[in-house]
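Novice: model this:
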Amino acid sequence: MQARLLVRVSLAMCSALASVPSWALFKCVVDGKTEYQERPCAGGATQSRLREVAPSAAPGAVEVPAELQSAINAGIVGSYPVRGMNQSQLQSALGSPSRVNASDYASGFQEQRIYERPNGTFYVYTRNGIVESSQFMEAIRPQVVQSARSCPTAFDIKNAEVSANSIALSDAQRKEKLEIVQRMRECR
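Specialist: Now for the predicted structure:
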């Protein structure tokens, strides 16, 4: 009986906590009505402090200079990493990485986050969740190599002759292939 009561009380408390907005700092009761807000309660309201962290700051967060915040915002909009981004901002800029190589050293937790894109690959290096450096490698596009020799080799001509003499060809196809062989011979 007591176990059931304990479970019911626990569920009631969990549902009550789940209904509190994550940004709320204060619980105010005004005329029997409960409100959650960021600012201290006004007037004669009963006030309860819900958490100590400011809504814009995470635990252990450092004040970011306006110039760096501007660069980070530009990186998020432009989809590229910026030195000083945290992992949440990096996720906003580039999405999920293709691969992550992680290392846990005495100096801190380090990651190489790899973001593959059609035009290239970003390699982003973080230490303790903050971007320290990054590099971008453009995709290698195959280049068509022009042969210094534009005329076909003797082997190419021989293969074309064999193809032109196939019994499976119609007269028109054979005539066309023999003309190609003739042009190949004239090139040499």
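
Novice: in the protein, where is pLDDT below threshold?
Specialist: 1-26, 36-39, 44-45, 47-62, 143-149, 188 (pLDDT under 70).

Novice: centroid-nearest residue for it?
Specialist: Residue closest to the average C-alpha location in the chain (CA atoms, centre = their mean): Gly95, at 2.8 Å.

Novice: which residue is the nearest non-sequential neighbour of that residue?
Specialist: The shortest distance from Gly95 to any non-neighbouring residue, by CB to CB, 6 or more residues apart in numbering, is to Tyr115 (7.4 Å). From N, CA and C alone the C-beta is placed, and that goes for glycine too.

Novice: now swap in Gly108 and tell me
Specialist: Asn128 (4.5 Å).

Novice: quick check, that neighbour in contact with Phe109.
Specialist: Yes: the pair Asn128 / Phe109 is scored as a contact, 5.6 Å apart, by CB atoms under 8 Å.

Novice: what's the local residue count around the residue nearest to Gly108?
Specialist: 13 (other CB atoms under 10 Å).

Novice: and what of Val82?
Specialist: 21.

Novice: from Cys187, how far out is it?
Specialist: Val82 sits at a distance of 57 Å from Cys187 (criterion: CB to CB, to the nearest Å).

Novice: which residues of the chain fall in strands?
Specialist: Along the chain, the stretches classed as strands by DSSP state E are 26-30, 33-37, 46-49, 99-105, 108-117, 120-127, 130-138.

Novice: so the fifth one versus strand 99-105, what angle?
Specialist: Spelled out, it's strand 108-117. Angle between the axes of strand 108-117 and strand 99-105 is 170 degrees (criterion: axes from the mean of the first three to the mean of the last three CA atoms, to 10 degrees).

Novice: for strand 108-117, give me every contacting residue.
Specialist: 90, 94-95, 97-104, 121-129, 139 (CB atoms under 8 Å, 6 or more residues apart in numbering).

Novice: among those residues, name the buried ones.
Specialist: Leu90, Leu94, Pro97, Phe122, Tyr123, Val124, Tyr125, Thr126 (16 or more other CB atoms under 10 Å).

Novice: kindly reformat those residues as CSV containing distance to Ala164.
Specialist: Output for the buried ones among the contacts of strand 108-117, formatted as CSV (distance: CB to CB, whole Å):
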residue, distance to Ala164
Leu90, 61
Leu94, 56
Pro97, 55
Phe122, 53
Tyr123, 53
Val124, 58
Tyr125, 60
Thr126, 63
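
Novice: the helices in the protein, which residues?
Specialist: 2-18, 66-78, 87-94, 154-164, 171-187 (DSSP state H).

Novice: out of those helices, nearest to Ser133?
Specialist: Each of the helices of the chain has some distance to Ser133 by CB to CB; the shortest is helix 87-94, at 12.5 Å.
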